[in-house]
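Novice: what shape does this take:
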Amino acid sequence: METHESENDFAGQVHDENTNEELQPEITIVNSDIRDDEYELPSVEEDEHEDLAGLKIYSTMSKKELLDKLRVLVDSGQIEAIRRDVDAIKDAFYEIYQQEQEALEKARLSEDYEESEYTPDPVEQEFKAVISKYKTAKAELLRDNENAKEENYKLKLALVEELKELVKEEENLNLTYQKFYDILNRWRETGPVPQIYAKDLWDTWHHCVEVFYDYVKINRELRDLDLRKNLAAKEELIAKAESLLDTVSANEVFIQLQNLQNLWREIGPVPHEHKEPIWEKFKDVIAKINQKYYVHQEQRREEQQNNLRIKYELCEHIEMLNKESYNTPKEWHDAYNRLAELIVEWRNVGFIPKRESEAVFVRFQNARNEFAEKKRDFFQRIKQERVVNVKEKQNLCKQAEDLMNSDNWQETAEAIRNLQKRWRESSGSMSRRQSEVLWRRFRLACDTFFARRSKHFNELDQENIKIREQLIAEIENFVPGKNAEEAFDALNDFKQRWQEMAYLPPRIQEELNKRCRNILDKQFQNLKLSSSERKVLRFKDKLETMSHAKSSGRSDRKFREERDKLYNKMMQLKNDVALWENNVGFFAKSKNADEMIADIKRKIQKTKEDILVLEEQIKLIDKQNES
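Specialist: Residues are numbered from 1 along each chain as shown. Have a look, this model is predicted:
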């Protein structure tokens, strides 16, 4: 009877303790002072980057090495364990891919770039295939996990029913208790269930455990031992929770705290006097962790908002680039360099709020795509223009090559100069390599012609120099006869022959002209002609020069004008002589008058000589007209 009463008392205590502790509100990672809708610990996805320090080795690998490593990981079949490695490999692979695309874009801006037919990268194609295989396996694993959770739910429901049936059995207490612990162990060994069933299942399970304890009326010593074990286990969990305060990684804290929470639920009740203290102590540790990571999360949110603002500003900068007008490859090259700098800045910006990430990324990509499309259109036009420019300069090269072996020196030289002028005026762009090749081809054709022309005229110059040297020697050896007029004509003939000779290069021509002129002047001086004779002979030479222009139709008019001028001058001089002779008779006899008369007479004599020269010159003109 005493035993029965003792068991009843203990059963009441067990029921009370289970009611007060096990039916406490479900432990969360949020303390009572912080609302659930205001704060939550960072999720695994948000803080995943904090645990990637060990994965940085992938950033040093090549695309082929990353592909080989990815294939090994996927083929291992450990899909859940390799998730972070796969993400890091993808980031490293597409970082290399993006760098290659940027290098290709820069190459397109070069004048030497030539567009080639696009060929897919086999490494990238195989990489995508392995990633697709990984995603398929991951999806299958998720389906298997969900199916396993459904099966676990069914198993735990069966265990609940089994526990309910256990309290209905009337067996030996020890045997019943063994069956209870067997059910309890199987419960703990069974995996998680779908989240939507978890709370109701836990509540039902705890209720059945309470009913079992009420039913079996376990003795106080055994119950106390069980409660003390639960107390030690919960104190160990608190110690582990406190150690999390020194953990840097929020992601690791999150996972471990969730595990500790689940373990706390699994542990049964503790002695009544420790129930509230142990619970409050666990809540305090949770609150400290929450407070620490609440501050951390707020800082992250502020940082992410600032990063979001920076990314929107970068989008605006790219959009401003798109509004500018670029008319030369250099301007596009400078604009692309600026875009590349903005892209680097974008990549260096940290994480942003997930709810904003898609919108800002779409805006960023649209701006980049608009720039790329405009640049592509510009260089497509440039490429088409270059094709036209290349054809035009190839045509000029062909024309120059057709002329380079011509012996029609004057006309061909003029034609090639026109081609050179057209070459200079054709300022259209083309690649530097093409420009240099065509320029060398065109210049070779031009140089070939002018080299042949120079050689030809150099040979002619040497022959003409020889002929002029011979004429100079002939003039120098000329001996005038007694007839001064014939000698004068002969010297003029030498002069005419000199002038009719082919021209030489200016420096040589000037030197030979100077020698010939000096020798002719010396020969003319040796003739010892009077001043009047010289004038008449020089005028005769002048008339002969004018007669050579008779074919021009203007020589007759020039002869008439020259004769009229000479005749008028002669009549004027005759009038002057008549006036002076008339005035001489009026001078009185005196010393000064005699000197003046003598001067006038000398003047009259000189004028009469000039009249005779004019008369001879007029006769020469009349004679020339008759011929």
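Novice: ok, then the element right after the helix or strand bottoming out on mean pLDDT in the chain?
Specialist: Using mean pLDDT, DSSP states H and E, the weakest-scoring helix or strand in the chain turns out to be helix 2-17, at a mean of 32. Taking DSSP states H and E as the definition, the helix or strand that follows helix 2-17 towards the C-terminus is helix 63-76.
Novice: output that following helix as CSV, nothing but the C-alphas.
Specialist: Taking Å, rounded to 0.1, in the frame of the first residue of the first chain, the C-alpha atoms of helix 63-76 are listed here in CSV:
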residue,chain,number,x,y,z
LYS,A,63,39.1,25.9,-66.8
LYS,A,64,40.2,22.4,-67.7
GLU,A,65,41.3,21.7,-64.1
LEU,A,66,38.0,23.0,-62.7
LEU,A,67,36.1,20.7,-65.2
ASP,A,68,38.1,17.7,-64.1
LYS,A,69,37.6,18.5,-60.4
LEU,A,70,33.8,19.0,-60.9
ARG,A,71,33.5,15.7,-62.8
VAL,A,72,35.3,13.8,-59.9
LEU,A,73,33.0,15.4,-57.3
VAL,A,74,29.8,14.7,-59.2
ASP,A,75,30.8,11.2,-60.0
SER,A,76,31.4,10.6,-56.3
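Novice: any low-confidence regions in the stretch 351-500 of the chain?
Specialist: Residue ranges of the stretch 351-500 of the chain with pLDDT under 70: 427, 484-485.
Novice: next one: the stretch 201-350 of the chain
Specialist: Answering for the stretch 201-350 of the chain: the residues below the bar, that is pLDDT under 70, span 214-222, 248, 250-251.
Novice: can we see that at 80?
Specialist: Judged against pLDDT under 80, the low-scoring parts of the stretch 201-350 of the chain cover residues 210-224, 226, 245-255, 257-258, 261-262, 265-268, 292-294, 296-297.
Novice: what is the burial count for the residue lying closest to Phe351 once chain neighbours are set aside?
Specialist: The spatial neighbour of Phe351 that comes closest, neighbours along the chain excluded (CB to CB, 6 or more residues apart in numbering), is Gln304 at 5.6 Å. Where C-beta positions appear, they are placed from N, C-alpha and C, glycine not excepted. When counting by other CB atoms under 10 Å, one arrives at 19 neighbours for Gln304.
Novice: ok, Gln304 - contacts?
Specialist: The contact partners of Gln304, by CB atoms under 8 Å, 6 or more residues apart in numbering, come to Gly350, Phe351, Ile352, Pro353.
Novice: any chance of those residues in TSV, plus distance to Glu581?
Specialist: Formatted as TSV, the entries for these read as follows, by distance: CB to CB, whole Å:
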residue	distance to Glu581
Gly350	124
Phe351	127
Ile352	124
Pro353	128
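Novice: and Ile289, how many neighbours?
Specialist: When neighbours are counted by other CB under 10 Å, Ile289 registers 22.
Novice: then Thr607?
Specialist: Number of residues near Thr607 (other CB under 10 Å) recorded here: 16.
Novice: helices and strands around the helix or strand it falls within, which ones?
Specialist: With elements taken from DSSP H and E, the one containing Thr607 is helix 591-626. Contacting helix 591-626 under the criterion 3 or more CB pairs under 8 Å, 6 or more residues apart in numbering; DSSP states H and E are the following elements: helix 531-547, helix 555-584.
Novice: could you tell me the least trusted of those?
Specialist: Ranked by mean pLDDT, those end with helix 531-547 at the bottom, a mean of 62.
Novice: what's the longest helix in this structure?
Specialist: If each helix of the chain is counted by residues according to DSSP state H, the longest one is helix 272-323.
Novice: distance between that helix and the chain's centre?
Specialist: Relative to its parent chain, helix 272-323 has a centroid offset of 39 Å by CA atoms, centre = their mean, to the nearest Å.
Novice: check stretch 611-622 too.
Specialist: From the chain centre to the centre of stretch 611-622 is a distance of 87 Å (CA atoms, centre = their mean).
Novice: and stretch 376-384, by the same measure?
Specialist: Mean C-alpha position of stretch 376-384 versus that of the full chain (CA atoms, centre = their mean) differs by 15 Å.
Novice: quick revisit: packing partners for the helix or strand just after the longest helix of the chain?
Specialist: Elements were assigned by DSSP H and E; along the chain past helix 272-323, the next helix or strand is helix 329-348. Of the remaining helices and strands, those touching helix 329-348 by 3+ CB pairs under 8 Å, 6+ apart are helix 83-109, helix 272-323, helix 354-403.
Novice: which stretch among those helices comes nearest Leu157?
Specialist: Each of the helices and strands packed on helix 329-348 was checked against Leu157 via CB to CB, and the shortest separation belongs to helix 272-323, namely 28.7 Å.
Novice: what's the angle between that closest one and helix 329-348?
Specialist: Using axes from the mean of the first three to the mean of the last three CA atoms, to 10 degrees, the direction of helix 272-323 lies 180 degrees away from that of helix 329-348.
Novice: hmm, back to that, next, the angle helix 354-403 makes with the longest helix of the chain.
Specialist: 30 degrees.
Novice: adding distance to Asp564, write the helices and strands packed on helix 329-348 out as a markdown table.
Specialist: As requested, those are exported to a markdown table (distance: least, CB to CB, whole Å):
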| stretch | distance to Asp564 |
| --- | --- |
| helix 83-109 | 79 |
| helix 272-323 | 81 |
| helix 354-403 | 53 |
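Novice: Provide the secondary structure category for Pro120.
Specialist: The three-state label for Pro120, taken from DSSP: H, G, I helix; E, B strand; the rest coil, comes out as coil.
Novice: got phi/psi on it?
Specialist: Torsion angles at Pro120 (phi, psi; degrees, to the nearest 10) stand at phi -60, psi 150.
Novice: that one: neighbouring residues, count only.
Specialist: Around Pro120 sit 8 other residues, with neighbours defined as other CB under 10 Å.
Novice: enumerate every residue touching it.
Specialist: Pro120 makes contact with no residue, according to CB under 8 Å, 6+ apart.
Novice: pLDDT value on it, please?
Specialist: According to the model, Pro120 carries a pLDDT of 78.
Novice: can you name the next helix or strand after the helix or strand hosting Asp200?
Specialist: Remark: Asp200 resides in helix 195-216, with elements defined by DSSP H and E. Counting by DSSP H and E, the next helix or strand C-terminal to helix 195-216 is helix 220-243.
Novice: what is that next one packed up against?
Specialist: Helix 220-243 sits against helix 2-17, helix 250-266, helix 272-323, with contacts defined as 3+ CB pairs under 8 Å, 6+ apart.
Novice: pull out the buried residues from it.
Specialist: Buried positions in helix 220-243, judged by neighbour count with 16 or more other CB atoms under 10 Å: Arg223, Asp226, Leu227, Asn230, Leu231, Lys234, Leu237, Ile238, Ala241.
Novice: can the helices and strands packed on helix 220-243 go into TSV with extra columns for distance to Leu184?
Specialist: As requested, those are exported to TSV (distance: least, CB to CB, whole Å):
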stretch	distance to Leu184
helix 2-17	15
helix 250-266	9
helix 272-323	20
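Novice: for Ser431, grab phi and psi.
Specialist: Torsion angles at Ser431 (phi, psi; degrees, to the nearest 10) stand at phi -60, psi 150.
Novice: what's the local residue count around Phe457?
Specialist: A total of 15 residues lie near Phe457 under the criterion other CB under 10 Å.
Novice: how about it, phi and psi?
Specialist: Phi and psi for Phe457, reported as degrees, to the nearest 10, are phi -70, psi -30.
Novice: list the contacts for it?
Specialist: Trp409.
Novice: Ala451 versus that one, what's the distance?
Specialist: Relative to Ala451, Phe457 is positioned 11 Å away (criterion: CB to CB, to the nearest Å).
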